[in-house]
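1. compute the structure for the input listed below.
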Amino acid sequence: MTSLTARTRFSVLDRSRTREGHTHAEALRDTVALARELEGLGYHRFWVSEHHGVPGVAGSAPTVLAAAVAAATRTIRVGTGGVMLPNHQPLVVAEQFGVLESLFPGRIDMGLGRSVGFTDGVRRALGRGKDDAEDFAAQLDELLGWFRGTSPTGVHARPAEGLSVPPFVLAMGEGARIAARAGLPMVIGDLRDRERMRRGIDHYREQFRPSPWASEPYVVVSGTVAVAGTPEEARRLLIPEAWSMAYSRTHGAFPPLPPAEDAAARAMTAKERDFYASGLAGHLAGTEEQVAHELETLLKETGAQEVLVTTSTYDRGALLDSYRRLAGIVNRAKNTGP
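-> Numbering: from 1, shown residues only. Model (predicted):
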């Protein structure tokens with residue numbers, strides 16, 4: 001029997017993480033360069049994210065960055081993971097994706113999330129509050145209406161109207177219900193809480209309503225995958241992000257990624273150490289043989305049609321090597337007969 005990995009699409013979300021000693025401009029250029037590399041490795045999609053006022057993330061304008069990525073590549077699908085819809089007027093989002101689809105026809109994805117700013121200060125700067133996420137379902141319906149040409153205002157979203165840009169909902173909890181009722185593909189994480197993920201997927205499939213965008217449920221599972229020559233090397237890939245996450249949980253600021261050796265040697269409080277240990281756990285990390293086995297288990301548990309890899313680390317060479325090794329796992333699975 002053909003492996004589940006062989007039948008699954010693999011894609012990448014890159015958050016344009018900044019690294020200690022490097023600039024935001026370098027982080028953005030690294031994202032574009034990584035997209036070119038991953039296109040050559042056969043990945044299906046390359047998505048970018050939206051974060052505001054975060055010291056460790058340069059990706060604040062996803063549709064702008066997606067345009068740069070699409071211009072630098074030729075075949076890989078390009079999109080957002082995602083545009084945080086509560087931060088924007090649906091008409092403007094429709095126009096932006098209409099422009100992208102017009103320039104790069106057949107290659108653009110519209111990943112949409114319901115989060116608002118990382119801190120109270122960012123939310124104030126965006127003119128948003130925590131409660132704005134509650135309007136996501138209505139905002140989503142309005143956005144899709146601009147593409148269908150069904151807005152009751154008499155205004156037309158040009159060049160979006162009449163175009164088909166695949167929408168995806170970034171979903172946990174309430175987001176899964178919204179995706180199901182709207183009949184849209186769903187992107188769900190995180191791999192560290194498999195039980196919660198499975199509940200969300202089951203709920204989505206049970207309540208899914210076919211739509212012009214999708215005739216049946218489509219599940220993308222998202223999380224960190226680190227592949228290296230040894231388990232220790234794979235774990236080293238996880239250290240910078242785990243430390244940065246622990247720091248953000250205790251200081252309220254998400255810092256640039258440090259080198260793995262520096263992060264592991266830094267003094268931490270007991271609380272930071274707990275967050276750090278949690279950040280190292282639950283990911284798909286190890287050698288090619290180990291990760292290949294873990295992928296089969298994950299896909300059997302979730303029935304997902306696609307895996308969206310979100311790995312971040314300080315060492316770009318090691319990160320690219322991990323993606324090469326993952327592509328090798330997928331290609332070997334496809335080339336192994338039933």
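
2. output the below-cut-off pLDDT ranges for this structure.
-> The model of the chain has pLDDT under 70 over residues 1, 117-120, 123, 127-134, 337-338.

3. ok, now which ones touch residue 83?
-> 50, 62-63, 93, 110-113 (Cβ atoms under 8 Å, 6 or more residues apart in numbering). In short, each C-beta sits where N, CA and C put it, glycine included.

4. neighbour-wise, which one of those residues leads?
-> Comparing the contacts of residue 83 on neighbour count, residue 112 comes out first with 31 neighbours (neighbours: other Cβ atoms under 10 Å).

5. quick one: that one is in a helix?
-> No - secondary structure of residue 112 (DSSP: H, G, I helix; E, B strand; the rest coil): strand, not part of a helix.

6. that one touches residue 143, doesn't it?
-> Yes - taking contacts as Cβ atoms under 8 Å, residue 112 lies within contact range of residue 143: 7.4 Å.

7. shared neighbours of those two, anything?
-> Contacts common to residue 112 and residue 143, judged by Cβ under 8 Å, 6+ apart, are 85, 93, 167.

8. closest to residue 198 out of these?
-> residue 167 (23.7 Å; Cβ to Cβ).

9. give the contact list for the spatially closest residue to the closest one that is not a sequence neighbour.
-> In space, residue 167 comes closest to residue 110 once its chain neighbours are excluded; the distance is 4.7 Å by Cβ to Cβ, 6 or more residues apart in numbering. Shown in contact with residue 110 (Cβ under 8 Å, 6+ apart): 79-80, 82-83, 93, 97, 165-168.

10. so how far is residue 100 from residue 110?
-> Per Cβ to Cβ, to the nearest Å, residue 110 is found 9 Å from residue 100.

11. joint contacts of those two?
-> residue 165.

12. where do the helices sit along the stretch 1-150 of the chain?
-> For the stretch 1-150 of the chain, the helices defined by DSSP state H, counting those that start in this stretch cover 24-41, 62-72, 90-103, 120-126, 136-148.

13. okay if I get those as JSON lines plus distance to residue 323?
-> JSON lines is the format used below for the helices of the stretch 1-150 of the chain (distance: least, Cβ to Cβ, whole Å):
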{"stretch": "helix 24-41", "distance to residue 323": "6"}
{"stretch": "helix 62-72", "distance to residue 323": "15"}
{"stretch": "helix 90-103", "distance to residue 323": "24"}
{"stretch": "helix 120-126", "distance to residue 323": "31"}
{"stretch": "helix 136-148", "distance to residue 323": "31"}
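
14. who wins for proximity to residue 298 among the ones you listed?
-> helix 24-41 (20.2 Å).

15. can you list contacts of the closest one?
-> So helix 24-41 is in contact with 12, 14, 16-19, 46, 48, 58-59, 65, 68-69, 72-76, 78, 316, 319-320, 323-324, 327, going by Cβ under 8 Å, 6+ apart.

16. give me the buried positions along it.
-> 27-28, 30-32, 34-35, 37-39, 41 (16 or more other Cβ atoms under 10 Å).

17. in the stretch 201-338 of the chain, which spans are strands?
-> Secondary structure of the stretch 201-338 of the chain (DSSP state E, counting those that start in this stretch): strands at 219-223, 225-227, 284-286, 306-309.

18. highest mean neighbour count out of these?
-> strand 225-227 (a mean of 27; mean count of other Cβ atoms under 10 Å).

19. ok, that one: who's next to it in the sheet?
-> strand 284-286 (parallel) (DSSP bridges).

20. quick one: contacts of the partner strand?
-> Counting by Cβ under 8 Å, 6+ apart, 191, 223-228, 231, 234-235, 237-238, 291, 294-295, 298 sit against strand 284-286.

21. which of those are buried?
-> Buried residues within the contacts of strand 284-286, counting neighbours by 16+ other Cβ under 10 Å: 191, 223-228, 234-235, 237-238, 291, 294-295, 298.

22. quick one: which of those is nearest to residue 7?
-> residue 295 (11.6 Å).

23. any idea how far residue 11 is from the closest one?
-> Using Cβ to Cβ, residue 295 is found at 14 Å from residue 11.

24. cool, residue 99 as well?
-> Distance from residue 99 to residue 11, by Cβ to Cβ: 22 Å.

25. which pair of the contacts of residue 83 spans the longest distance?
-> Checking the contacts of residue 83 with Cβ to Cβ, the most distant pair is 63 and 113, at 13.5 Å.

26. which residues in the stretch 201-338 of the chain form helices?
-> 231-251, 260-265, 270-280, 288-302, 316-335.

27. check the ones you listed for me and report the most buried one.
-> Counting by mean count of other Cβ under 10 Å, helix 231-251 has the highest mean neighbour count of the helices of the stretch 201-338 of the chain, with a mean of 20.

28. show me what it is packed against.
-> With contacts taken as 3 or more Cβ pairs under 8 Å, 6 or more residues apart in numbering; DSSP states H and E, helix 231-251 sits against strand 225-227, helix 260-265, helix 270-280, strand 284-286, helix 316-335.
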